[in-house]
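1. Could you look at this predicted model? Sequence included:
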Amino acid sequence: MSLLQNTMAKSGTANFYNGVATQSARFNQPASSYLYKSVSSGTRTKSTFAWWMKRGKTTVSTGEMFSFGASGAGTSQSSGRITLQTTTIKISQEDSNSVTWQVIPTQFFRDFSAWYHCVVVIDTTQGTAADRVKVYINGNKVTSFSTASYPSQNSSTRFGLSGVNRIGVGEASGVAWAASYFDGYFADMYYLDGVAVSDSSGVISEFGEFKNGVWIPIEYTGSFGTNGFRLKLDQVGVGTASSSTIGADTSGNTNHFTSSGIVASDCAMPDSPENNFCTMNPLDTVGTIE
């Protein structure tokens, strides 16, 4: 994927970055890479997700980034999902294989050389429907959606429900869903259980800041809640969850994730939001030898 280091953002600027998101983990779709953890119920009306991602493939039409509160099998399959769908993301809940609510921004994610920062805030206690699911891309609030049906007020979502939580894949019939593996890089991932962070004039400042017009990472310092976590993805160990494996939680909650399909060479990658590597454009086929 990545070829050469791109230092343009740091050119002529001392200490441009904050040293917050300096490494990443590679999720390889052909290797069925993902992280997982079984959890007990947390707070189901409020949650915040924040993560950096860099896309890896055009051929993946659906890649689950978060699949939470998953349960059931067959026609009873249910979960809360944050999904990369070809060119955009979708936040949704399915109960018994039926979509209960979903929010899909019109913004596209087609730059395979870029790191995108995404924040999703869910708060069903809000009186205004559009305030119950909010999306921020590179700091700014998204205001345009192709689809927007929201959870009912004060409803309990599947985000925070007990079950197997997965990062990088969805679930079907109680196991990882082979058609929904994410392909690309993740860095500095957060889940806040029972916490709905707020913005200021449409800018979310809990996880990043603008410097010279560039959105860069900062470290979150607030509450995580019971099942909350921060995955820095800077360890090289793989397999069983621990503080020294790739799914290590550094929030203080020790909510470590177990990895599957991830090898040591996928871990602690130098390509990161603070050290972006040049990438060949998979959409440019001019001059391709067939």
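-> Yep, it's here. Residues are numbered from 1 along each chain as shown.
2. buried sites along stretch 97-111?
-> Within stretch 97-111, the residues that qualify as buried by neighbour count (16 or more other Cβ atoms under 10 Å) are 100-105, 107, 109. Quick note: C-beta positions are derived from backbone N, CA and C, even for glycine.
3. May I see those residues organised as a markdown table, with distance to residue 222 added?
-> As requested, the buried residues of stretch 97-111 are exported to a markdown table (distance: Cβ to Cβ, whole Å):
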| residue | distance to residue 222 |
| --- | --- |
| 100 | 29 |
| 101 | 26 |
| 102 | 28 |
| 103 | 24 |
| 104 | 28 |
| 105 | 25 |
| 107 | 26 |
| 109 | 27 |
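4. can you give me the strands in the stretch 151-290 of the chain?
-> Along the stretch 151-290 of the chain, the segments classed as strands by DSSP state E, counting those that start in this stretch run 163-167, 171-172, 175-176, 184-193, 208-211, 214-217, 229-231, 258-260, 277-279.
5. do you know which of the ones you listed lies nearest residue 128?
-> With Cβ to Cβ, the closest approach to residue 128 among these belongs to strand 184-193: 21.0 Å.
6. re the thing from before, out of the strands of the stretch 151-290 of the chain, which gets nearest to residue 120?
-> Across the strands of the stretch 151-290 of the chain, the minimum distance to residue 120, taken as Cβ to Cβ, is reached by strand 184-193, at 10.0 Å.
7. Flag every buried residue along the closest one.
-> Buried residues in strand 184-193, counting neighbours by 16+ other Cβ under 10 Å, are found at 184-193.
8. Okay, now the unreliable bits of the stretch 1-150 of the chain?
-> Flagging of the stretch 1-150 of the chain using pLDDT under 70 yields the residue ranges 1-14, 58-61, 72-76.
9. Do a quick rundown of the strands in it.
-> So, for the stretch 1-150 of the chain - with DSSP E, counting those that start in this stretch - the strands run 2-5, 25-27, 34-39, 46-55, 62-71, 78-85, 88-95, 98-105, 116-123, 133-137, 140-141, 145-149.
10. tell me the most buried of those strands?
-> Among these, ranked by average contacts under mean count of other Cβ atoms under 10 Å, first place goes to strand 25-27 (a mean of 27).
11. Who are the packing partners of that one?
-> Applying 3 or more Cβ pairs under 8 Å, 6 or more residues apart in numbering; DSSP states H and E, we find strand 25-27 packed against strand 184-193.
12. quick check: mean pLDDT across the strand it packs on?
-> What strand 184-193 shows for mean pLDDT is 97.
13. C-alpha coordinates for that strand, CSV please?
-> Taking C-alpha atoms only, strand 184-193 is exported to CSV below (Å, rounded to 0.1, in the frame of the first residue of the first chain):
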residue,chain,number,x,y,z
GLY,A,184,-6.6,-0.6,5.3
TYR,A,185,-5.0,1.0,8.3
PHE,A,186,-6.5,2.0,11.7
ALA,A,187,-4.8,4.3,14.2
ASP,A,188,-5.7,5.8,17.6
MET,A,189,-9.2,4.3,18.1
TYR,A,190,-11.5,5.4,20.9
TYR,A,191,-14.8,4.1,22.3
LEU,A,192,-16.4,6.1,25.1
ASP,A,193,-19.2,4.2,27.0
